[in-house]
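A.B. asks: Okay, structure incoming, though there's no sequence with it:
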(Lines give C-alpha, C1' and ligand atoms only; values in the text may rest on other atoms or scores of the structure.)
Protein backbone atom coordinates (compact mmCIF):
# COMPACT_ATOMS: atom_id res chain seq x y z
CA UNK A 1 0.00 0.00 0.00
CA UNK A 2 1.41 3.39 -0.99
CA UNK A 3 1.71 6.08 1.68
CA UNK A 4 1.29 9.80 0.97
CA UNK A 5 4.90 10.16 -0.15
CA UNK A 6 4.35 7.37 -2.61
CA UNK A 7 7.16 5.56 -4.31
CA UNK A 8 9.89 7.19 -6.36
CA UNK A 9 12.35 5.91 -8.92
CA UNK A 10 15.03 7.93 -10.68
CA UNK A 11 16.35 7.10 -14.11
CA UNK A 12 19.28 8.69 -15.86
CA UNK A 13 20.31 8.67 -19.50
CA UNK A 14 22.99 10.31 -21.56
CA UNK A 15 21.74 13.10 -23.82
CA UNK A 16 21.29 11.03 -26.96
CA UNK A 17 17.94 10.74 -28.73
CA UNK A 18 18.27 6.98 -29.11
CA UNK A 19 18.31 6.73 -25.30
CA UNK A 20 14.87 8.29 -24.94
CA UNK A 21 13.33 4.90 -25.69
CA UNK A 22 14.96 3.49 -22.55
CA UNK A 23 13.12 5.84 -20.21
CA UNK A 24 9.94 5.59 -22.29
CA UNK A 25 9.87 1.81 -21.83
CA UNK A 26 10.70 2.09 -18.12
CA UNK A 27 7.89 4.59 -17.57
CA UNK A 28 5.47 2.30 -19.43
CA UNK A 29 6.41 -0.45 -17.01
CA UNK A 30 5.81 1.79 -14.01
CA UNK A 31 2.47 2.89 -15.43
CA UNK A 32 1.45 -0.77 -15.43
CA UNK A 33 1.40 -0.51 -11.61
CA UNK A 34 -1.39 2.05 -11.85
CA UNK A 35 -5.01 2.09 -12.97
CA UNK A 36 -4.14 4.13 -16.07
CA UNK A 37 -5.82 2.74 -19.18
CA UNK A 38 -3.74 1.58 -22.18
CA UNK A 39 -4.61 4.83 -23.98
CA UNK A 40 -3.50 6.88 -20.97
CA UNK A 41 -0.25 4.89 -20.69
CA UNK A 42 0.47 5.60 -24.37
CA UNK A 43 -0.13 9.28 -23.71
CA UNK A 44 2.12 9.39 -20.65
CA UNK A 45 4.84 7.72 -22.73
CA UNK A 46 4.36 10.33 -25.44
CA UNK A 47 4.70 13.16 -22.89
CA UNK A 48 7.89 11.70 -21.43
CA UNK A 49 9.41 11.29 -24.88
CA UNK A 50 8.53 14.86 -25.87
CA UNK A 51 10.07 16.42 -22.76
CA UNK A 52 13.19 14.24 -22.74
CA UNK A 53 13.71 15.03 -26.43
CA UNK A 54 13.28 18.73 -25.65
CA UNK A 55 15.98 18.51 -22.98
CA UNK A 56 18.38 16.77 -25.35
CA UNK A 57 17.71 18.98 -28.36
CA UNK A 58 17.18 22.37 -26.75
CA UNK A 59 18.89 22.33 -23.34
CA UNK A 60 21.94 20.50 -24.67
CA UNK A 61 21.76 21.41 -28.37
CA UNK A 62 21.73 17.69 -29.29
CA UNK A 63 25.20 17.29 -27.78
CA UNK A 64 25.97 13.91 -26.24
CA UNK A 65 27.65 13.47 -22.87
CA UNK A 66 25.17 15.29 -20.66
CA UNK A 67 22.79 13.98 -18.03
CA UNK A 68 19.01 13.82 -18.36
CA UNK A 69 17.24 12.61 -15.24
CA UNK A 70 13.70 11.29 -15.12
CA UNK A 71 12.12 10.94 -11.72
CA UNK A 72 8.83 9.08 -11.42
CA UNK A 73 6.75 9.51 -8.29
CA UNK A 74 3.77 7.24 -7.81
CA UNK A 75 1.18 8.48 -5.36
CA UNK A 76 -2.23 7.03 -4.59
CA UNK A 77 -4.02 9.45 -6.86
CA UNK A 78 -1.23 11.02 -8.94
CA UNK A 79 1.64 10.05 -11.15
CA UNK A 80 4.27 12.78 -11.23
CA UNK A 81 7.14 12.82 -13.69
CA UNK A 82 10.06 15.22 -13.36
CA UNK A 83 12.48 15.55 -16.26
CA UNK A 84 15.64 17.44 -15.36
CA UNK A 85 18.62 18.74 -17.28
CA UNK A 86 21.58 20.94 -16.49
CA UNK A 87 21.70 22.78 -19.81
CA UNK A 88 20.15 25.91 -21.27
CA UNK A 89 16.87 26.79 -19.52
CA UNK A 90 13.68 26.71 -21.54
CA UNK A 91 11.89 29.93 -22.37
CA UNK A 92 8.89 29.63 -20.05
CA UNK A 93 6.91 31.72 -22.50
CA UNK A 94 6.60 28.55 -24.53
CA UNK A 95 4.31 27.11 -21.88
CA UNK A 96 0.66 27.94 -22.09
CA UNK A 97 -0.33 27.19 -25.65
CA UNK A 98 -2.19 23.91 -25.92
CA UNK A 99 -4.17 24.47 -29.05
CA UNK A 100 -3.64 22.90 -32.43
CA UNK A 101 -5.17 25.25 -34.98
CA UNK A 102 -5.21 23.69 -38.42
CA UNK A 103 -6.36 25.27 -41.64
CA UNK A 104 -6.33 22.60 -44.32
CA UNK A 105 -6.47 25.32 -46.98
CA UNK A 106 -3.38 27.14 -45.77
CA UNK A 107 -0.33 24.85 -46.21
CA UNK A 108 2.07 27.69 -45.37
CA UNK A 109 0.71 27.65 -41.82
CA UNK A 110 1.19 23.91 -41.30
CA UNK A 111 3.79 23.51 -38.58
CA UNK A 112 6.55 20.96 -39.04
CA UNK A 113 7.75 21.29 -35.44
CA UNK A 114 6.80 22.85 -32.12
CA UNK A 115 3.94 20.52 -31.18
CA UNK A 116 5.73 18.79 -28.30
CA UNK A 117 4.87 21.18 -25.49
CA UNK A 118 1.26 21.75 -26.56
CA UNK A 119 0.81 17.97 -26.69
CA UNK A 120 2.14 17.59 -23.15
CA UNK A 121 0.04 20.46 -21.83
CA UNK A 122 -3.10 19.08 -23.38
CA UNK A 123 -2.55 15.55 -22.02
CA UNK A 124 -1.24 16.17 -18.52
CA UNK A 125 -3.37 17.47 -15.64
CA UNK A 126 -0.65 19.75 -14.31
CA UNK A 127 2.56 21.09 -15.82
CA UNK A 128 5.22 23.36 -14.35
CA UNK A 129 8.79 24.34 -15.10
CA UNK A 130 11.46 25.50 -12.71
CA UNK A 131 15.14 26.41 -12.86
CA UNK A 132 17.00 26.19 -9.56
CA UNK A 133 20.73 26.84 -9.64
CA UNK A 134 21.89 24.95 -12.74
CA UNK A 135 19.08 22.40 -12.70
CA UNK A 136 16.07 22.80 -14.96
CA UNK A 137 13.06 20.64 -14.19
CA UNK A 138 9.88 20.03 -16.13
CA UNK A 139 7.31 18.61 -13.74
CA UNK A 140 4.12 17.03 -15.02
CA UNK A 141 1.37 15.17 -13.22
CA UNK A 142 -1.42 12.87 -14.26
CA UNK A 143 -4.33 11.99 -12.05
CA UNK A 144 -4.90 8.31 -11.37
CA UNK A 145 -8.26 6.79 -10.56
CA UNK A 146 -8.10 5.10 -7.18
CA UNK B 1 18.05 2.34 -43.35
CA UNK B 2 14.71 1.19 -41.96
CA UNK B 3 12.72 2.63 -44.89
CA UNK B 4 11.82 0.87 -48.12
CA UNK B 5 9.69 1.70 -51.09
CA UNK B 6 8.03 -0.21 -53.90
CA UNK B 7 5.67 0.64 -56.73
CA UNK B 8 2.14 -0.67 -56.79
CA UNK B 9 -0.82 0.42 -58.89
CA UNK B 10 0.78 3.75 -59.69
CA UNK B 11 1.64 4.50 -56.07
CA UNK B 12 4.95 4.56 -54.27
CA UNK B 13 4.41 2.49 -51.12
CA UNK B 14 6.82 3.48 -48.37
CA UNK B 15 7.21 1.09 -45.48
CA UNK B 16 8.91 1.70 -42.16
CA UNK B 17 10.71 -1.24 -40.57
CA UNK B 18 10.70 0.29 -37.09
CA UNK B 19 8.22 0.17 -34.22
CA UNK B 20 9.06 3.73 -33.16
CA UNK B 21 9.00 6.75 -35.45
CA UNK B 22 10.62 9.22 -33.09
CA UNK B 23 13.21 11.98 -32.99
CA UNK B 24 16.08 9.52 -33.38
CA UNK B 25 14.98 8.67 -36.95
CA UNK B 26 12.54 11.41 -37.97
CA UNK B 27 15.10 13.48 -39.87
CA UNK B 28 16.43 10.55 -41.98
CA UNK B 29 12.78 9.63 -42.57
CA UNK B 30 11.97 13.13 -43.80
CA UNK B 31 15.01 13.11 -46.10
CA UNK B 32 13.98 9.69 -47.46
CA UNK B 33 10.46 10.93 -48.22
CA UNK B 34 11.78 14.09 -49.87
CA UNK B 35 14.03 11.90 -52.04
CA UNK B 36 11.01 9.85 -53.07
CA UNK B 37 9.23 13.03 -54.17
CA UNK B 38 12.23 14.48 -55.99
CA UNK B 39 13.17 11.25 -57.77
CA UNK B 40 9.72 9.79 -58.37
CA UNK B 41 7.76 9.99 -61.57
CA UNK B 42 4.65 11.16 -59.77
CA UNK B 43 3.69 12.25 -56.29
CA UNK B 44 1.34 9.38 -55.49
CA UNK B 45 2.51 8.01 -52.17
CA UNK B 46 1.15 5.70 -49.50
CA UNK B 47 3.04 5.38 -46.23
CA UNK B 48 2.53 2.02 -44.56
CA UNK B 49 2.53 2.61 -40.80
CA UNK B 50 1.54 -0.93 -39.83
CA UNK B 51 4.73 -1.64 -37.86
CA UNK B 52 4.88 1.73 -36.12
CA UNK B 53 3.55 1.39 -32.58
CA UNK B 54 4.75 4.79 -31.36
CA UNK B 55 5.14 8.16 -33.05
CA UNK B 56 6.20 11.44 -31.45
CA UNK B 57 5.80 15.03 -32.65
CA UNK B 58 9.00 14.86 -34.70
CA UNK B 59 7.72 11.86 -36.67
CA UNK B 60 4.50 13.74 -37.22
CA UNK B 61 6.52 16.78 -38.29
CA UNK B 62 8.33 14.73 -40.94
CA UNK B 63 4.97 13.72 -42.42
CA UNK B 64 3.67 17.30 -42.37
CA UNK B 65 6.88 18.51 -44.03
CA UNK B 66 6.40 15.91 -46.76
CA UNK B 67 2.82 16.97 -47.34
CA UNK B 68 3.98 20.58 -47.61
CA UNK B 69 6.80 19.57 -49.96
CA UNK B 70 4.24 18.11 -52.34
CA UNK B 71 2.75 21.56 -52.60
CA UNK B 72 -0.69 20.34 -53.48
CA UNK B 73 0.60 18.21 -56.36
CA UNK B 74 -0.15 14.51 -56.02
CA UNK B 75 -1.40 12.48 -53.11
CA UNK B 76 -0.03 11.40 -49.75
CA UNK B 77 -2.03 8.80 -47.86
CA UNK B 78 -1.30 7.02 -44.61
CA UNK B 79 -2.22 3.38 -44.08
CA UNK B 80 -2.61 1.01 -41.13
CA UNK B 81 -1.95 3.53 -38.38
CA UNK B 82 -1.92 1.81 -34.99
CA UNK B 83 -3.97 3.12 -32.01
CA UNK B 84 -1.28 5.29 -30.38
CA UNK B 85 -0.41 6.80 -33.76
CA UNK B 86 -4.05 7.50 -34.59
CA UNK B 87 -4.44 9.07 -31.16
CA UNK B 88 -1.55 11.45 -31.92
CA UNK B 89 -3.18 12.50 -35.21
CA UNK B 90 -6.50 13.09 -33.48
CA UNK B 91 -4.96 15.00 -30.57
CA UNK B 92 -3.10 17.38 -32.86
CA UNK B 93 -5.94 17.69 -35.40
CA UNK B 94 -3.61 16.35 -38.07
CA UNK B 95 -6.35 13.91 -39.03
CA UNK B 96 -7.82 16.93 -40.82
CA UNK B 97 -4.79 17.17 -43.11
CA UNK B 98 -4.08 13.53 -43.81
CA UNK B 99 -6.11 10.79 -45.43
CA UNK B 100 -5.71 7.77 -43.17
CA UNK B 101 -6.95 4.37 -44.36
CA UNK B 102 -7.04 1.05 -42.49
CA UNK B 103 -4.84 -0.83 -44.99
CA UNK B 104 -2.45 -0.16 -47.86
CA UNK B 105 -4.89 -1.86 -50.24
CA UNK B 106 -7.71 0.47 -49.19
CA UNK B 107 -5.38 3.44 -49.52
CA UNK B 108 -4.59 2.44 -53.10
CA UNK B 109 -8.23 1.82 -53.96
CA UNK B 110 -9.54 4.97 -52.28
CA UNK B 111 -10.46 7.66 -54.80
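C.D. replies: Sure, I can see it. As the structure is a computational prediction, the values presented were derived from the model and not from experiment.
A.B. asks: which residues touch the residue positioned nearest the centre of chain B?
C.D. replies: For chain B, the residue nearest the mean C-alpha position is residue B:47 (3.6 Å; Cα atoms, centre = their mean). Taking Cβ atoms under 8 Å, 6 or more residues apart in numbering or on different chains, we find residue B:47 in contact with B:14-16, B:33, B:63, B:76-79. In short, each C-beta sits where N, CA and C put it, glycine included.
A.B. asks: what's the burial count for residue B:25?
C.D. replies: Using other Cβ atoms under 10 Å in any protein chain shown, residue B:25 has 21 other residues around it.
A.B. asks: where does it fall, phi/psi-wise?
C.D. replies: When read as degrees, to the nearest 10, the backbone of residue B:25 gives phi -130, psi 0.
A.B. asks: Could you report the distance from it to residue B:67?
C.D. replies: Distance check for residue B:25 against residue B:67: by Cβ to Cβ, to the nearest Å, it reads 19 Å.
A.B. asks: now do residue A:76
C.D. replies: As judged by Cβ to Cβ, residue A:76 and residue B:67 stand 44 Å apart.
A.B. asks: Return the residues of chain B in contact with chain A.
C.D. replies: Within reach of chain A by Cβ under 8 Å from any Cβ of the partner chain, chain B has these residues: B:20, B:22-24, B:54, B:56-58, B:60-62, B:64-65, B:67-68, B:71-72, B:83-84, B:87-88, B:91-94, B:96-97.
A.B. asks: Write the PyMOL selection for whichever of these are buried.
C.D. replies: Restricted to buried positions by 16 or more other Cβ atoms under 10 Å in any protein chain shown, the PyMOL selection for those reads:
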select buried, chain B and resi 20+22+23+24+54+56+57+58+60+61+62+64+65+67+68+84+87+88+91+92+94+97
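A.B. asks: list the contacts for residue B:85?
C.D. replies: B:21, B:49, B:52-55.
A.B. asks: closest to chain A among these?
C.D. replies: Closest approach between the contacts of residue B:85 and chain A, by Cβ to the nearest Cβ: residue B:54, at 7.0 Å.
A.B. asks: Who's the closest spatial neighbour of that closest one, skipping the chain neighbours?
C.D. replies: residue B:20 (4.6 Å; Cβ to Cβ, 6 or more residues apart in numbering or on different chains).
A.B. asks: Strands of the chain, start to end?
C.D. replies: You didn't say which chain, so I picked chain A. In chain A, the segments counted as strands under DSSP state E are A:7-14, A:67-74, A:78-85, A:126-132, A:135-143.
A.B. asks: switch to chain B, that's the one I care about
C.D. replies: Under DSSP E, chain B gives strands at B:3-8, B:11-16, B:20-21, B:44-48, B:54-55, B:75-79, B:99-101.
A.B. asks: Same list, these, but as CSV with mean pLDDT and distance to residue A:119 please.
C.D. replies: Formatted as CSV, the strands of chain B follow (pLDDT from 0 to 100; distance: least, Cβ to Cβ, whole Å):
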stretch, mean pLDDT, distance to residue A:119
strand B:3-8, 94, 24
strand B:11-16, 96, 21
strand B:20-21, 98, 15
strand B:44-48, 96, 21
strand B:54-55, 98, 11
strand B:75-79, 96, 18
strand B:99-101, 97, 18
